[in-house]
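Visitor: only the shape, not the letters, is given here:
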(Lines give C-alpha, C1' and ligand atoms only; values in the text may rest on other atoms or scores of the structure.)
Protein backbone atom coordinates (compact mmCIF):
# COMPACT_ATOMS: atom_id res chain seq x y z
CA UNK A 1 0.00 0.00 0.00
CA UNK A 2 1.43 3.39 -1.01
CA UNK A 3 2.07 6.04 1.63
CA UNK A 4 0.89 9.62 1.23
CA UNK A 5 3.23 11.98 3.09
CA UNK A 6 2.00 15.40 4.23
CA UNK A 7 3.99 18.62 4.13
CA UNK A 8 5.79 19.20 7.43
CA UNK A 9 3.64 20.03 10.45
CA UNK A 10 4.87 21.16 13.88
CA UNK A 11 5.24 19.36 17.22
CA UNK A 12 5.84 22.60 19.14
CA UNK A 13 4.85 26.26 19.09
CA UNK A 14 1.58 26.43 17.17
CA UNK A 15 1.21 22.60 17.14
CA UNK A 16 -0.13 22.17 13.60
CA UNK A 17 0.22 18.35 13.86
CA UNK A 18 -3.03 16.60 12.95
CA UNK A 19 -3.98 12.99 12.16
CA UNK A 20 -5.98 12.13 9.07
CA UNK A 21 -8.83 9.63 9.32
CA UNK A 22 -6.48 6.95 7.97
CA UNK A 23 -3.86 7.76 10.60
CA UNK A 24 -6.48 7.46 13.34
CA UNK A 25 -7.71 4.14 11.96
CA UNK A 26 -4.18 2.64 11.97
CA UNK A 27 -3.24 4.07 15.38
CA UNK A 28 -1.79 1.22 17.51
CA UNK A 29 -4.27 1.24 20.41
CA UNK A 30 -2.31 -0.52 23.17
CA UNK A 31 -4.94 -1.98 25.51
CA UNK A 32 -6.16 -5.55 24.90
CA UNK A 33 -8.18 -5.53 28.15
CA UNK A 34 -10.15 -3.14 30.33
CA UNK A 35 -7.44 -3.21 32.99
CA UNK A 36 -3.79 -2.36 32.48
CA UNK A 37 -1.10 -4.62 33.91
CA UNK A 38 2.66 -4.51 33.47
CA UNK A 39 3.83 -7.39 31.32
CA UNK A 40 6.68 -8.29 29.02
CA UNK A 41 4.12 -8.39 26.14
CA UNK A 42 6.77 -9.17 23.52
CA UNK A 43 5.86 -10.87 20.25
CA UNK A 44 7.82 -11.84 17.13
CA UNK A 45 8.05 -8.85 14.77
CA UNK A 46 6.46 -10.74 11.92
CA UNK A 47 5.12 -8.42 9.20
CA UNK A 48 1.32 -8.57 9.20
CA UNK A 49 -1.89 -6.63 8.55
CA UNK A 50 -1.20 -4.69 5.31
CA UNK A 51 -1.59 -0.96 5.88
CA UNK A 52 -1.08 -1.26 9.65
CA UNK A 53 1.90 -0.16 11.74
CA UNK A 54 2.87 -3.86 11.90
CA UNK A 55 3.27 -4.33 8.14
CA UNK A 56 6.97 -3.43 8.05
CA UNK A 57 9.90 -3.34 10.47
CA UNK A 58 10.21 0.44 10.07
CA UNK A 59 6.91 2.23 9.65
CA UNK A 60 6.68 5.30 7.43
CA UNK A 61 3.45 7.31 7.51
CA UNK A 62 1.96 10.69 6.64
CA UNK A 63 4.02 12.44 9.34
CA UNK A 64 7.40 11.47 7.87
CA UNK A 65 8.45 14.98 6.79
CA UNK A 66 7.15 16.43 10.05
CA UNK A 67 9.28 14.09 12.15
CA UNK A 68 12.36 14.62 10.00
CA UNK A 69 12.04 18.40 10.43
CA UNK A 70 11.52 18.01 14.20
CA UNK A 71 14.59 15.77 14.51
CA UNK A 72 16.79 18.22 12.60
CA UNK A 73 15.62 21.05 14.86
CA UNK A 74 16.30 19.13 18.08
CA UNK A 75 19.75 17.98 16.95
CA UNK A 76 20.65 21.54 16.00
CA UNK A 77 19.62 22.76 19.46
CA UNK A 78 21.14 19.86 21.40
CA UNK A 79 23.75 17.67 19.65
CA UNK A 80 23.87 15.41 22.76
CA UNK A 81 20.69 13.77 21.51
CA UNK A 82 23.01 11.70 19.32
CA UNK A 83 25.59 9.66 21.24
CA UNK A 84 27.79 6.93 19.77
CA UNK A 85 30.52 5.51 22.00
CA UNK A 86 33.62 4.48 20.04
CA UNK A 87 33.00 0.74 20.39
CA UNK A 88 29.51 1.19 18.82
CA UNK A 89 30.69 2.33 15.40
CA UNK A 90 30.14 -1.10 13.82
CA UNK A 91 26.65 -1.22 15.35
CA UNK A 92 25.94 2.16 13.76
CA UNK A 93 26.82 0.84 10.31
CA UNK A 94 24.77 -2.28 11.07
CA UNK A 95 21.78 -0.03 11.78
CA UNK A 96 22.24 2.03 8.63
CA UNK A 97 22.41 -1.19 6.60
CA UNK A 98 19.25 -2.65 8.12
CA UNK A 99 17.18 0.53 7.93
CA UNK A 100 18.16 1.50 4.39
CA UNK A 101 17.54 -1.97 2.99
CA UNK A 102 14.12 -2.22 4.64
CA UNK A 103 13.00 1.28 3.63
CA UNK A 104 14.05 0.72 0.03
CA UNK A 105 12.32 -2.67 -0.13
CA UNK A 106 9.14 -1.63 1.68
CA UNK A 107 8.63 1.90 0.30
CA UNK A 108 10.13 1.87 -3.22
CA UNK A 109 8.09 4.92 -4.22
CA UNK A 110 10.09 6.99 -1.72
CA UNK A 111 13.47 5.26 -1.21
CA UNK A 112 16.02 3.34 -3.25
CA UNK A 113 19.41 1.80 -2.51
CA UNK A 114 22.05 0.61 -4.97
CA UNK A 115 25.02 -1.37 -3.63
CA UNK A 116 28.17 -2.15 -5.60
CA UNK A 117 30.42 -3.76 -3.03
CA UNK A 118 31.15 -1.06 -0.45
CA UNK A 119 30.06 1.70 -2.84
CA UNK A 120 26.43 2.57 -2.01
CA UNK A 121 24.00 5.05 -3.53
CA UNK A 122 21.02 6.09 -1.44
CA UNK A 123 18.03 8.08 -2.73
CA UNK A 124 15.35 9.61 -0.50
CA UNK A 125 12.65 11.14 -2.67
CA UNK A 126 10.51 12.21 0.30
CA UNK A 127 13.24 14.60 1.48
CA UNK A 128 14.83 15.14 -1.95
CA UNK A 129 18.19 13.67 -0.88
CA UNK A 130 20.74 11.60 -2.74
CA UNK A 131 24.03 10.33 -1.33
CA UNK A 132 26.81 8.18 -2.69
CA UNK A 133 29.11 6.86 0.04
CA UNK A 134 31.51 4.10 0.98
CA UNK A 135 30.03 1.69 3.49
CA UNK A 136 32.21 1.69 6.59
CA UNK A 137 33.83 5.08 5.86
CA UNK A 138 32.12 7.80 7.92
CA UNK A 139 34.10 10.51 6.11
CA UNK A 140 31.96 9.87 3.00
CA UNK A 141 28.73 10.88 4.82
CA UNK A 142 27.68 14.34 6.02
CA UNK A 143 27.03 12.88 9.51
CA UNK A 144 28.04 9.73 11.31
CA UNK A 145 26.23 6.64 9.97
CA UNK A 146 23.71 6.40 12.83
CA UNK A 147 22.83 10.09 12.79
CA UNK A 148 22.67 10.12 8.99
CA UNK A 149 20.14 7.30 8.72
CA UNK A 150 18.13 8.40 11.76
CA UNK A 151 17.67 11.90 10.35
CA UNK A 152 15.67 10.05 7.68
CA UNK A 153 13.81 7.56 9.90
CA UNK A 154 10.71 8.04 12.02
CA UNK A 155 11.13 7.18 15.68
CA UNK A 156 14.10 7.11 18.04
CA UNK A 157 16.77 4.45 18.39
CA UNK A 158 19.05 3.12 21.11
CA UNK A 159 21.84 0.64 20.40
CA UNK A 160 22.53 -1.74 23.27
CA UNK A 161 25.90 -3.39 23.70
CA UNK A 162 25.63 -6.91 25.14
CA UNK A 163 28.31 -7.90 27.65
CA UNK A 164 28.59 -9.54 31.07
CA UNK A 165 25.07 -10.95 30.79
CA UNK A 166 23.51 -7.50 30.47
CA UNK A 167 22.60 -4.78 27.94
CA UNK A 168 24.12 -1.30 28.03
CA UNK A 169 22.78 1.80 26.29
CA UNK A 170 25.99 2.84 24.55
CA UNK A 171 24.63 4.62 21.45
CA UNK A 172 21.47 6.23 20.20
CA UNK A 173 19.62 9.06 18.50
CA UNK A 174 16.78 10.13 20.77
CA UNK A 175 14.99 13.40 19.95
CA UNK A 176 11.44 12.50 21.00
CA UNK A 177 11.63 10.66 24.33
CA UNK A 178 8.80 10.26 26.84
CA UNK A 179 10.34 12.01 29.87
CA UNK A 180 13.84 10.54 29.81
CA UNK A 181 17.28 11.51 28.58
CA UNK A 182 19.76 9.69 26.37
CA UNK A 183 22.60 11.79 27.76
CA UNK A 184 21.68 10.71 31.30
CA UNK A 185 21.04 7.04 30.50
CA UNK A 186 24.04 6.54 28.21
CA UNK A 187 26.25 3.75 29.56
CA UNK A 188 23.60 2.45 31.94
CA UNK A 189 22.58 -1.21 32.15
CA UNK A 190 19.09 -2.47 31.31
CA UNK A 191 17.85 -2.47 34.92
CA UNK A 192 19.52 0.85 35.72
CA UNK A 193 17.67 2.81 33.06
CA UNK A 194 14.38 1.10 33.97
CA UNK A 195 14.81 1.74 37.71
CA UNK A 196 12.20 4.57 37.91
CA UNK A 197 9.36 2.26 36.75
CA UNK A 198 7.08 1.42 39.74
CA UNK A 199 5.69 -2.04 40.57
CA UNK A 200 7.26 -3.82 37.59
CA UNK A 201 10.46 -4.66 39.49
CA UNK A 202 8.51 -6.34 42.29
CA UNK A 203 6.66 -8.38 39.67
CA UNK A 204 9.90 -9.58 38.06
CA UNK A 205 8.93 -8.08 34.69
CA UNK A 206 12.39 -6.74 33.91
CA UNK A 207 14.17 -9.94 34.92
CA UNK A 208 12.05 -11.85 32.40
CA UNK A 209 12.41 -9.15 29.76
CA UNK A 210 16.20 -9.02 30.03
CA UNK A 211 16.50 -12.79 29.80
CA UNK A 212 14.32 -12.75 26.69
CA UNK A 213 16.21 -9.89 25.01
CA UNK A 214 19.62 -11.46 25.62
CA UNK A 215 18.46 -14.48 23.63
CA UNK A 216 17.28 -12.62 20.52
CA UNK A 217 19.02 -13.99 17.43
CA UNK A 218 19.80 -12.29 14.09
CA UNK A 219 16.83 -12.50 11.77
CA UNK A 220 14.32 -12.96 14.62
CA UNK A 221 13.33 -9.46 15.77
CA UNK A 222 10.58 -8.83 18.32
CA UNK A 223 8.28 -5.94 19.19
CA UNK A 224 6.00 -4.63 21.91
CA UNK A 225 3.77 -1.64 22.63
CA UNK A 226 4.28 0.85 25.44
CA UNK A 227 2.15 3.91 26.28
CA UNK A 228 1.82 7.11 28.25
CA UNK A 229 -0.05 10.41 27.92
CA UNK A 230 1.29 13.71 26.57
CA UNK A 231 -0.15 17.23 26.68
CA UNK A 232 -0.28 18.69 23.19
CA UNK A 233 1.14 16.77 20.21
CA UNK A 234 4.69 17.26 21.49
CA UNK A 235 7.32 14.71 20.51
CA UNK A 236 10.23 16.12 22.50
CA UNK A 237 9.23 15.54 26.11
CA UNK A 238 12.80 14.94 27.20
CA UNK A 239 14.16 15.55 30.68
CA UNK A 240 16.30 18.36 29.23
CA UNK A 241 13.23 20.26 28.00
CA UNK A 242 11.03 19.76 31.10
CA UNK A 243 10.98 23.53 31.61
CA UNK A 244 9.13 23.96 28.29
CA UNK A 245 6.44 21.31 28.74
CA UNK A 246 6.14 20.31 32.39
CA UNK A 247 3.73 23.10 33.28
CA UNK A 248 1.34 22.03 30.50
CA UNK A 249 0.11 19.21 32.74
CA UNK A 250 -1.51 21.83 34.94
CA UNK A 251 -3.36 23.48 32.04
CA UNK A 252 -5.87 20.70 31.32
CA UNK A 253 -9.51 21.71 31.80
CA UNK A 254 -12.89 20.03 31.14
CA UNK A 255 -13.17 22.30 28.09
CA UNK A 256 -9.82 21.51 26.44
CA UNK A 257 -9.12 17.95 27.62
CA UNK A 258 -10.24 16.38 24.35
CA UNK A 259 -7.94 18.48 22.22
CA UNK A 260 -4.79 18.79 24.36
CA UNK A 261 -4.44 15.36 25.99
CA UNK A 262 -2.86 12.81 23.64
CA UNK A 263 -2.40 9.08 23.99
CA UNK A 264 1.25 8.44 23.21
CA UNK A 265 2.05 4.91 22.04
CA UNK A 266 5.51 3.52 21.37
CA UNK A 267 5.98 0.63 18.99
CA UNK A 268 9.26 -0.79 20.28
CA UNK A 269 11.21 -2.95 17.82
CA UNK A 270 14.20 -5.01 18.96
CA UNK A 271 16.57 -6.70 16.51
CA UNK A 272 19.98 -8.35 16.81
CA UNK A 273 22.55 -6.69 14.55
CA UNK A 274 24.65 -9.28 12.72
CA UNK A 275 28.12 -7.69 12.52
CA UNK A 276 28.33 -6.16 15.99
CA UNK A 277 25.98 -8.43 17.97
CA UNK A 278 24.47 -5.25 19.44
CA UNK A 279 20.71 -5.06 20.02
CA UNK A 280 18.80 -2.40 18.14
CA UNK A 281 16.01 -0.88 20.24
CA UNK A 282 13.81 1.23 17.99
CA UNK A 283 11.08 3.41 19.52
CA UNK A 284 8.44 4.55 17.01
CA UNK A 285 6.05 7.05 18.62
CA UNK A 286 2.42 7.66 17.61
CA UNK A 287 0.24 10.47 19.00
CA UNK A 288 -3.56 10.63 19.00
CA UNK A 289 -5.71 13.27 20.70
CA UNK A 290 -8.54 12.17 22.95
CA UNK A 291 -11.01 13.82 20.57
CA UNK A 292 -9.75 11.71 17.69
CA UNK A 293 -9.45 8.55 19.76
CA UNK A 294 -13.08 8.60 20.96
CA UNK A 295 -14.28 8.48 17.36
CA UNK A 296 -13.74 4.75 17.91
CA UNK A 297 -16.37 3.88 20.55
CA UNK A 298 -14.64 0.67 21.65
CA UNK A 299 -11.40 2.55 22.29
CA UNK A 300 -13.23 5.28 24.21
CA UNK A 301 -14.92 2.80 26.56
CA UNK A 302 -11.77 0.80 27.18
CA UNK A 303 -9.51 3.80 27.76
CA UNK A 304 -11.99 5.17 30.30
CA UNK A 305 -11.87 1.92 32.27
CA UNK A 306 -8.08 1.56 32.04
CA UNK A 307 -7.38 5.09 33.28
CA UNK A 308 -10.13 5.00 35.92
CA UNK A 309 -8.70 1.86 37.53
CA UNK A 310 -4.98 2.54 36.99
CA UNK A 311 -2.94 2.10 40.21
CA UNK A 312 -1.89 5.48 41.55
CA UNK A 313 1.89 4.74 41.44
CA UNK A 314 1.57 3.98 37.73
CA UNK A 315 -0.49 7.12 37.11
CA UNK A 316 2.12 9.19 38.95
CA UNK A 317 4.99 7.60 36.99
CA UNK A 318 3.22 8.33 33.71
CA UNK A 319 2.74 11.96 34.76
CA UNK A 320 -1.05 12.13 34.64
CA UNK A 321 -1.93 12.62 38.31
CA UNK A 322 -2.68 16.36 37.96
CA UNK A 323 -5.30 15.90 35.26
CA UNK A 324 -6.32 12.26 35.59
CA UNK A 325 -9.67 12.99 37.27
CA UNK A 326 -10.57 15.56 34.60
CA UNK A 327 -9.71 13.13 31.82
CA UNK A 328 -11.54 10.17 33.39
CA UNK A 329 -14.66 12.30 33.95
CA UNK A 330 -14.57 13.42 30.31
CA UNK A 331 -14.07 9.88 29.00
CA UNK A 332 -16.93 8.66 31.20
CA UNK A 333 -19.51 10.19 28.86
CA UNK A 334 -18.47 7.62 26.24
CA UNK A 335 -18.80 4.62 28.60
CA UNK A 336 -22.50 4.48 29.44
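Guide: Received it, and whenever you're ready, just let me know what you need. As the structure is a prediction and not an experimental result, all values here were calculated from the model.

Visitor: for residue 81, see how far away residue 172 is.
Guide: 8 Å (CB to CB, to the nearest Å). For every residue, glycine as well, the C-beta is placed using N, CA and C.

Visitor: show me whatever sits in contact with both of these two.
Guide: residue 182 (CB atoms under 8 Å, 6 or more residues apart in numbering).

Visitor: what's in contact with the lengthiest helix in the chain?
Guide: The residue-count maximum for a helix in the chain (DSSP state H) belongs to helix 89-106. Residues from elsewhere that reach helix 89-106, judged by CB under 8 Å, 6+ apart: 55-58, 60, 84, 110-113, 120, 122, 135-136, 138, 144-146, 148-149, 152-153, 157, 159, 161, 171, 271, 273-276, 278, 280.

Visitor: give the PyMOL command for selecting the buried subset of the residues you listed.
Guide: This is how PyMOL selects the buried members of the contacts of helix 89-106, with burial counted by 16 or more other CB atoms under 10 Å:
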select buried, resi 56+57+58+60+84+110+111+112+113+120+122+135+138+144+145+146+148+149+152+153+157+159+161+171+271+273+276+278+280
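
Visitor: thinking again about what came up before, roughly how far is the longest helix of the chain from the heart of the chain?
Guide: Distance of helix 89-106 from its chain centroid, counting by CA atoms, centre = their mean, to the nearest Å, is 17 Å.

Visitor: now stretch 43-60
Guide: With CA atoms, centre = their mean as the basis, stretch 43-60 stands 14 Å off its chain's centre.

Visitor: how about stretch 280-295?
Guide: 9 Å.

Visitor: may I see the buried residues of that stretch?
Guide: 280-290, 292-294.

Visitor: quick check: residue 113 vs residue 124, distance?
Guide: 10 Å.

Visitor: restricted to helices, list the contacts of helix 89-106.
Guide: Reading helices off the contacts of helix 89-106 with DSSP H, I get 145-146, 148-149.

Visitor: including distance to residue 43 and pLDDT, could those residues go into JSON lines?
Guide: Shown next, in JSON lines, are the ones in helices among the contacts of helix 89-106 (distance: CB to CB, whole Å; pLDDT from 0 to 100):
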{"residue": "145", "distance to residue 43": "29", "pLDDT": "98"}
{"residue": "146", "distance to residue 43": "26", "pLDDT": "98"}
{"residue": "148", "distance to residue 43": "30", "pLDDT": "98"}
{"residue": "149", "distance to residue 43": "25", "pLDDT": "98"}
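
Visitor: just those now: which is nearest residue 44?
Guide: residue 149 (24.0 Å; CB to CB).

Visitor: quick one, what contacts that closest one?
Guide: With CB under 8 Å, 6+ apart, residue 149 has these contacts: 95-96, 99-100.

Visitor: how about 10 Å then?
Guide: Applying CB atoms under 10 Å, 6 or more residues apart in numbering, we find residue 149 in contact with 92-93, 95-100, 103, 122, 141, 143, 157, 173.

Visitor: gap between it and residue 139?
Guide: 16 Å.

Visitor: just residue 323 next, same as before
Guide: 50 Å.

Visitor: of these two, which one has the most company?
Guide: A side-by-side neighbour count of residue 323 and residue 139, using other CB atoms under 10 Å, places residue 323 first with 21 against 6.

Visitor: correct me if wrong: that one contacts residue 253.
Guide: Yes. The criterion here is CB atoms under 10 Å, and residue 323 meets it with residue 253 at 8.7 Å.

Visitor: joint contacts of those two?
Guide: 260, 330.

Visitor: so who does the residue of the chain positioned farthest from its centre touch?
Guide: Going by CA atoms, centre = their mean, the residue of the chain most distant from its centre is residue 336, 33.3 Å out. With contact taken as CB under 10 Å, 6+ apart, residue 336 is in contact with 301, 304.

Visitor: separation between the closest residue to residue 210 other than its chain neighbours and residue 166?
Guide: Distances taken as CB to CB, 6 or more residues apart in numbering put residue 190 closest to residue 210, at 5.1 Å, once the chain neighbours are dropped. Here the criterion is CB to CB. By it, residue 190 lies 6 Å from residue 166.
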